[in-house]
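Q: sequence unknown, structure follows:
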DNA sequence: CGCAATGTTCGAAA
DNA sequence: TTTTCGAACATTGC
């Protein structure tokens, strides 16, 4: 459930389903999911906490509690499942953390690959959390400044795709939306950031906002994941132009979409629209 | 069997 | 210091 639009969709789902509820008890079935503090303390601190609100920063979810901030990152396949009643709750082998609410409902954290992480930090201190502290601006907020974005790219000698994936220049892009944004801006994923023209960085800035904005409106992209209680409603997969479209004709020029490896990630692009002006490797 | 999969982090090497 | 590369985490499905 990973990139910004999917996480935002989960945030809305959690806001609707668990805000106002008070946690009664927490069960942890895979301790490594819990980064901070140690599991027994994590459980003790959470007991009796009311969920006041649910925020998002980049791909991190932040549950605002009475006395703490609960930071949650879904990584590759983490998801939340809500059950109105513990009696009818279904626990499967991928359920790793269970939040039992005082009203009898239950929130489960499931994660096939167990890559997701949770950390309980002091109230209103989530911005100091190590994973969040170093994040760039939110692409759909006014913090995302075009000039600052262009200036940041000028200074970087890295290929543009891995640079956009590292969450420092701007947050929220992952493998799907970075490919989509670069296609929309007609930029080759291996172009060196510093080699982009002002016109290109401007177009890329607009493309990132357009792609993520539309994906949020669509409730995110749902691929190779089963429908679950939160954040499954995504329909952006029908709007994908390059991701998973290998061999399909480019919507702009009909050239078959190609798939290559960039920074160890599968990368989809149009070899005609997105030419690499560099002579790399 | 081998590989790739919506992500991040850490250590080593350049 | 910056960047790059590979591995690690862990499981599933093609």
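A: Sure, I can see it. Everything numeric in this text was worked out from a predicted model, so none of it was measured.
Q: Would you mind listing what in the stretch 101-250 of chain A touches DNA strand B?
A: Contact residues, the stretch 101-250 of chain A versus DNA strand B (CB under 7 Å from any atom of the strand): A:113, A:115, A:130-131, A:165, A:167, A:174-176, A:220-225, A:243. (C-beta placed from N, C-alpha, C; glycine too.)
Q: most surrounded residue in these?
A: The most crowded member of these, judged by other CB atoms under 10 Å, is residue A:220 (27 neighbours).
Q: so how far is DNA strand C from it?
A: Per CB to the nearest atom of the strand, to the nearest Å, residue A:220 is found 20 Å from DNA strand C.
Q: So which of the residues of the stretch 101-250 of chain A next to DNA strand B belong to helices?
A: A:130-131, A:165, A:175-176 (DSSP state H).
Q: Looking at the residues of the stretch 101-250 of chain A next to DNA strand B, which is nearest DNA strand C?
A: Nearest to DNA strand C out of those is residue A:113 (CB to the nearest atom of the strand; 3.9 Å).
Q: what ranges do the helices span in the stretch 101-250 of chain A?
A: Taking DSSP state H, counting those that start in this stretch, the helices of the stretch 101-250 of chain A run over residues A:130-133, A:146-154, A:160-165, A:175-184, A:198-217.
Q: Tell me what angle the second one forms with helix A:198-217.
A: It stands for helix A:146-154. 110 degrees (axes from the mean of the first three to the mean of the last three CA atoms, to 10 degrees).
Q: pLDDT of helix A:146-154, averaged?
A: The average pLDDT within helix A:146-154 is 96.
Q: May I see the buried residues of that helix?
A: The neighbour-count check on helix A:146-154 (16 or more other CB atoms under 10 Å) flags A:149-150, A:152-153 as buried.
Q: Among those, which ones lie close to DNA strand C?
A: Okay, of these, nothing touches DNA strand C (CB under 7 Å from any atom of the strand).
Q: now the closest residue in space to residue A:13 that isn't next to it in sequence: how far from DNA strand C?
A: Spatial nearest neighbour of residue A:13, chain neighbours left out: residue A:230 (3.5 Å); criterion: CB to CB, 6 or more residues apart in numbering. The gap separating residue A:230 from DNA strand C is 20 Å, by CB to the nearest atom of the strand.
Q: Residue A:230 against residue A:18, yeah?
A: No. Under the criterion of CB atoms under 8 Å, residue A:230 makes no contact with residue A:18, lying 9.5 Å away.
Q: Looking at those two now, which is surrounded by more residues?
A: residue A:18 (23 against 20).
Q: The more buried one reaches residue A:52, doesn't it?
A: No. Contact criterion CB under 8 Å: residue A:18 and residue A:52 do not qualify, at 10.5 Å.
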